[in-house]
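Undergrad: Got a predicted structure plus its sequence, pasted below:
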Amino acid sequence: MGSNKDEVQVSYDVSNEFFRLWLDERMNYTCAVYESEDQSLEAAQLNKLAILSDFAKVTPDSHVLDIGCGWGACLEYLATSRSVKKATGVTLSSAQADEVNARNIPGVKVHDADFMKWETEEKFDAVISICMMDHLCSPQEAREGKAVDIYREYFRRVHAMTNPGAWFGLQTILRNRTPRRGQILQDLYFVTHEIFPGGLNPRLEEIIAAVNPYWEVITVKQRRTDYQRTTAEWLRRLRLNETAIRQEWGDKCFEDYQRYLDTCVRCFDQHISSLAQYELRRID
Amino acid sequence: MSDKDLLQMFKVVAERVDKKSFADITRESVITDLGVDSLSMMQIVGEMETELDLQIPDEDLVEIVTVGDLCAKIENRMGA
């Protein structure tokens, strides 16, 4: 089923300190949404969290589930900026779960688990999931025609864990055009094998097909150029820290991540990849 | 263009891309079993599209498992 624990650890467990050098201060490792030409990455990341929290209709009394919570940027935002009293995160990365739980954010608990197997007695009023769906379906499963069924099972599980009246703020990276030749094809192959093994970006039409019969699509916002700008900023910050990264994590680490981020920028520019945010209403 | 012509075209293009012999392929041959990875597969698709002056929709590419699947996608576009 999609990325396994070992594959996710390849993607996220290099070292928390490594990622801290080139992501924003809250370690958002997903697309930011820019409101203006001169907005900082930090402000744009908060803007992204605000949009998804609004899509999920979060209130201070909502019990919020964050699926694929990463290093807890969204959970911390919910607790501090939206006064949410109870928020639960799930991540397949042990390093991320340990890091977030060690911060003792009031009302926040993170589970180190595979969401597709995770069992809970709790029911949630609002759900946020940011760029986790690309870990659900492997290329092999997609070739076997299983992608939509796997995504539909994800939406069924979220539905089963929520109370009637729940809302869901979802963000997914997307694949669109497929290159047939050139350096971009070689680079994309490198990224999917060396940086994000086991995963596959969904297509927009697969997501739209899979939400039924569990969630109603209210809004879809396309954010391709925002992700291009986000990855370009990550690349700029990575290069600013080149000396430190080469010293601490080695030349290969720096060069692999430079190639990965440069590939991302070109993939968004050339419509090979995109990103969408969805406002989903639970079908009760 | 006949089935046989497309199969022959796949063989010639695959040999050019992967620089090895694909002597015994049939429409039932699973492309990954032939030792063709996803990188080579896309290059083969691209070269066949160029030679035939057509384009398989991106959303159909993930469904191509056998040589016959690829031939069928091309035949669909030729008939479109």
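TA: Nice, thanks for sending it over. Numbering: from 1, shown residues only, chains lettered A, B, ... in the order given.
Undergrad: Spatially nearest residue to the closest residue to chain A within chain B, not counting backbone neighbours?
TA: Nearest residue of chain B to chain A: B:Gly46, at 2.6 Å (C-beta to the nearest C-beta). For glycine as for every other residue, the C-beta is placed from the backbone atoms N, C-alpha and C. Residue nearest to B:Gly46 in three dimensions, not counting chain neighbours: A:Arg180, with 2.6 Å by C-beta to C-beta, 6 or more residues apart in numbering or on different chains.
Undergrad: Could you say which helix or strand holds that neighbour?
TA: For A:Arg180, there is no helix or strand it lies in under DSSP states H and E.
Undergrad: Next, count neighbours for it.
TA: Using other C-beta atoms under 10 Å in any protein chain shown, A:Arg180 has 21 neighbouring residues.
Undergrad: Which residue is the nearest non-sequential neighbour of A:Trp215?
TA: Per C-beta to C-beta, 6+ apart, closest to A:Trp215 is A:Leu280, 4.1 Å.
Undergrad: Count the neighbours of that neighbour for me.
TA: Number of residues near A:Leu280 (other C-beta under 10 Å) recorded here: 26.
Undergrad: and it, helix, strand or coil?
TA: strand (DSSP: H, G, I helix; E, B strand; the rest coil).
Undergrad: which residues touch it?
TA: A:Leu280 makes contacts with A:Phe55, A:Trp167, A:Phe168, A:Gly169, A:Leu170, A:Val211, A:Trp215, A:Glu216, A:Val217, A:Ile218, as judged by C-beta atoms under 8 Å, 6 or more residues apart in numbering or on different chains.
Undergrad: Give me the buried stretch members for the strand or helix carrying the third one, please.
TA: When secondary structure is defined using DSSP H and E, the element that contains A:Phe168 is strand A:162-175. Judged by neighbour count using 16 or more other C-beta atoms under 10 Å in any protein chain shown, the buried positions of strand A:162-175 are A:Thr162, A:Ala166, A:Trp167, A:Phe168, A:Gly169, A:Leu170, A:Gln171, A:Thr172, A:Ile173, A:Leu174, A:Arg175.
Undergrad: that older thread, turn the contacts of A:Leu280 into a markdown table, columns for distance to A:Tyr77.
TA: Converted to a markdown table, these look like this (distance: C-beta to C-beta, whole Å):
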| residue | distance to A:Tyr77 |
| --- | --- |
| A:Phe55 | 14 |
| A:Trp167 | 17 |
| A:Phe168 | 17 |
| A:Gly169 | 12 |
| A:Leu170 | 16 |
| A:Val211 | 25 |
| A:Trp215 | 23 |
| A:Glu216 | 26 |
| A:Val217 | 24 |
| A:Ile218 | 22 |
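Undergrad: and which of the residues you listed is nearest chain B?
TA: A:Val211 (17.6 Å).
Undergrad: ok, that closest one - how many residues close by?
TA: A:Val211 has 21 nearby residues by other C-beta under 10 Å.
Undergrad: I figured it was touching A:Val217, is that so?
TA: Yes. Using C-beta atoms under 8 Å, A:Val211 is in contact with A:Val217, at 5.9 Å.
Undergrad: okay, and the common contacts of the two?
TA: A:Tyr278, A:Leu280.
Undergrad: rewinding a little: show me how far the helix or strand hosting the residue of chain B closest to chain A is from its chain's centre.
TA: Assigning secondary structure by DSSP H and E places B:Gly46 in helix B:38-52. Its chain's C-alpha centre and that of helix B:38-52 lie 7 Å apart, by C-alpha atoms, centre = their mean, to the nearest Å.
Undergrad: Which pLDDT value goes with the residue nearest to A:Trp215?
TA: With respect to pLDDT, A:Leu280 scores 98.
Undergrad: Dig out what it forms beta bridges with.
TA: Beta bridges link A:Leu280 to A:Phe168, A:Val217, judged by DSSP bridges.
Undergrad: separation between it and A:Arg157?
TA: Separation of A:Leu280 from A:Arg157 (C-beta to C-beta, to the nearest Å): 14 Å.
Undergrad: Enumerate the residues of chain B near chain A.
TA: B:37-39, B:42-43, B:45-47, B:49, B:58-59, B:61-65 (C-beta under 8 Å from any C-beta of the partner chain).
Undergrad: please redo it, this time with the cut-off set to 10 Å
TA: B:30-32, B:37-50, B:55-65, B:69 (C-beta under 10 Å from any C-beta of the partner chain).
Undergrad: now these: which count as buried?
TA: Buried among the residues of chain B next to chain A by 16+ other C-beta under 10 Å: B:31, B:38-49, B:56, B:58, B:61-65, B:69.
Undergrad: State the distance from the residue of the stretch 101-250 of chain A found nearest chain B to B:Val12.
TA: Taking C-beta to the nearest C-beta as the measure, the stretch 101-250 of chain A has A:Arg180 as its residue closest to chain B, at 2.6 Å. Look at A:Arg180 and B:Val12: by C-beta to C-beta, they are 17 Å apart.
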